[in-house]
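sequence and predicted model, in that order:
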Amino acid sequence: CDNNKNAIELPEVRDSPPDVRQEYETVSQLIRSENFESVSLIVDKLSKSLNKNTTIPNEISFVVNKEECFGLLGTNGSGKTTTFRLLTGDLNADSGNAYLGSDADLLTNKRQFYSRVGYCPQNDALLDGLTGRQTLVFFGRIRGVERKALEKFVSNICVLFELKAILDKRVTTYSGGNRRKLSLAVALIGRPLVLLLDEPTTGVDPDSRLSIWCLLRDLMVCQKVSIVLTSHNMTECEALCSRLAIVSKGVLKAIGFTAHLKSFYAKGFDLIVKVKSDSNEVIVDEHLELSYRYVNEMSVASLAGMRRIQTLEMWDTGHGFNGHKIMDEIISLNPKSCIKSIVFNEIDIFNVNLGNHLL
């Protein structure tokens with residue numbers, strides 16, 4: 001079938017691991033069979049050109065199942081927030097589509113699509129002059145919720161979110177955790193089918209973070225809602241998401257159940273080499289480069305007296321894991337005993353620092 005062929009032969013997919021290719025095929029099959037009701041959200045080859053040389057996201061596809069928390073994981077600039085802006089109408093896609101049921105998609109029925117989406121942006125969109133109650137009523141009226149239904153919603157949400165004691169206080173008095181809770185409550189107005197949460201616990205204290213995690217788990221059960229969550233926090237994704245998609249430069253790099261990704265994908269190492277203060281660092285670097293042949297791609301950070309070498313394979317390349325080989329090589333090459341110490345740690349996608357641009 002030509003549609004199947006197109007889904008698999010996209011440049012972004014052809015050289016990807018099997019799970020990514022399978023996700024694109026699943027999207028293609030669901031659309032061909034018009035089987036929209038079996039899942040919550042289908043994103044089909046969504047793209048946005050930010051400038052002449054940059055397309056983020058770039059033909060990204062994935063499925064969100066009913067009552068699932070699906071994680072989009074990646075560094076800043078990987079395309080997570082832009083994808084959300086496309087799904088909420090803040091930006092228009094250059095190509096691709098997304099579906100929320102058989103009668104709502106971005107191309108033919110945007111109004112119906114947007115009515116089924118709740119959005120909690122990374123930065124609060126709260127009005128400081130309003131109380132929590134006024135905030136919920138204000139956004140509820142904007143979404144067209146009838147007065148009686150809105151009163152019931154506010155009553156229920158203040159109990160579920162533990163906001164009753166502060167609901168009639170101005171939001172300027174709220175803690176960071178309570179502001180995020182109120183933003184989540186706003187996203188739930190109108191009983192959306194899918195919640196899009198952009199870094200939902202950014203800037204909150206650890207206790208509030210745990211409280212919000214518990215709240216999100218309850219929402220999936222009580223409200224029968226699916227969640228798409230963006231984060232660069234591995235711990236948060238592992239705590240909440242049943243499946244994860246790793247995005248880099250707008251392209252899907254890996255996707256699957258969290259346990260599968262943790263056991264199979266992204267094996268690597270973090271190696272810190274400390275150099276003696278009286279050593280010639282140029283000679284040290286020349287010798288270190290000889291050991292790099294054991295890995296295909298790496299990040300090397302150079303500071304005075306220290307070198308940090310980090311590598312992460314996004315899937316099994318067939319070359320094996322060579323972290324110990326490179327460490328042994330560095331020790332054997334140790335030029336004129338220049339190395340003071342070596343610290344070696346194995347890493348995976350759940351403990352690597354995504355800020356190091358390894359993806």
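Done, it's in. Numbering: from 1, shown residues only.

where does the stretch 151-300 of the chain dip in pLDDT?
Within the stretch 151-300 of the chain, the segments meeting pLDDT under 70 span 263-269, 284, 287, 290-300.

try 50 this time
In the prediction, the stretch 151-300 of the chain carries no residues with pLDDT under 50.

show me the contacts for residue 258.
Residue 258 makes contacts with 71, 237, 238, 241, 242, 243, 244, as judged by Cβ atoms under 8 Å, 6 or more residues apart in numbering. Yep, even glycine has a C-beta here, placed from its N, CA and C like the rest.

could you do residue 98 as well?
Counting by Cβ under 8 Å, 6+ apart, residue 98 makes contact with 41, 42, 43, 44, 46, 86, 87, 105, 106, 113.

if we go to 10 Å?
41-46, 61-62, 83, 86-87, 104-107, 113, 117, 194 (Cβ atoms under 10 Å, 6 or more residues apart in numbering).

so residue 26 sits against residue 42, correct?
Yes - counting by Cβ atoms under 10 Å, residue 42 is a contact partner of residue 26 at 9.0 Å.

in which helix or strand would I find residue 118?
Using DSSP states H and E, residue 118 maps to strand 117-120.

I should have written residue 246 there, sorry.
strand 243-248.

after that strand, next one along is what?
Tracing the chain past strand 243-248, the next element assigned as helix or strand by DSSP H and E is strand 251-257.

same for that next one, what does it pack against?
Judged by 3 or more Cβ pairs under 10 Å, 6 or more residues apart in numbering; DSSP states H and E, strand 251-257 is in contact with helix 11-14, helix 18-32, strand 60-64, strand 69-73, strand 243-248, helix 258-264.

dump the ones you listed to a markdown table, plus distance to residue 151.
Formatted as a markdown table, the helices and strands packed on strand 251-257 follow (distance: least, Cβ to Cβ, whole Å):
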| stretch | distance to residue 151 |
| --- | --- |
| helix 11-14 | 48 |
| helix 18-32 | 38 |
| strand 60-64 | 31 |
| strand 69-73 | 29 |
| strand 243-248 | 37 |
| helix 258-264 | 39 |
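
which one of these is the most hemmed in?
strand 69-73 (a mean of 26; mean count of other Cβ atoms under 10 Å).

could you give the angle of that strand to strand 251-257?
Orientation check (axes from the mean of the first three to the mean of the last three Cα atoms, to 10 degrees): strand 69-73 against strand 251-257 gives 140 degrees.

tell me what angle the very next helix or strand once past strand 69-73 forms with strand 69-73.
Proceeding N to C from strand 69-73, the next assigned helix or strand is helix 80-87, under DSSP H and E. Calculated by the same axes, to 10 degrees, helix 80-87 forms an angle of 130 degrees with strand 69-73.

this completes my enquiry, with thanks.
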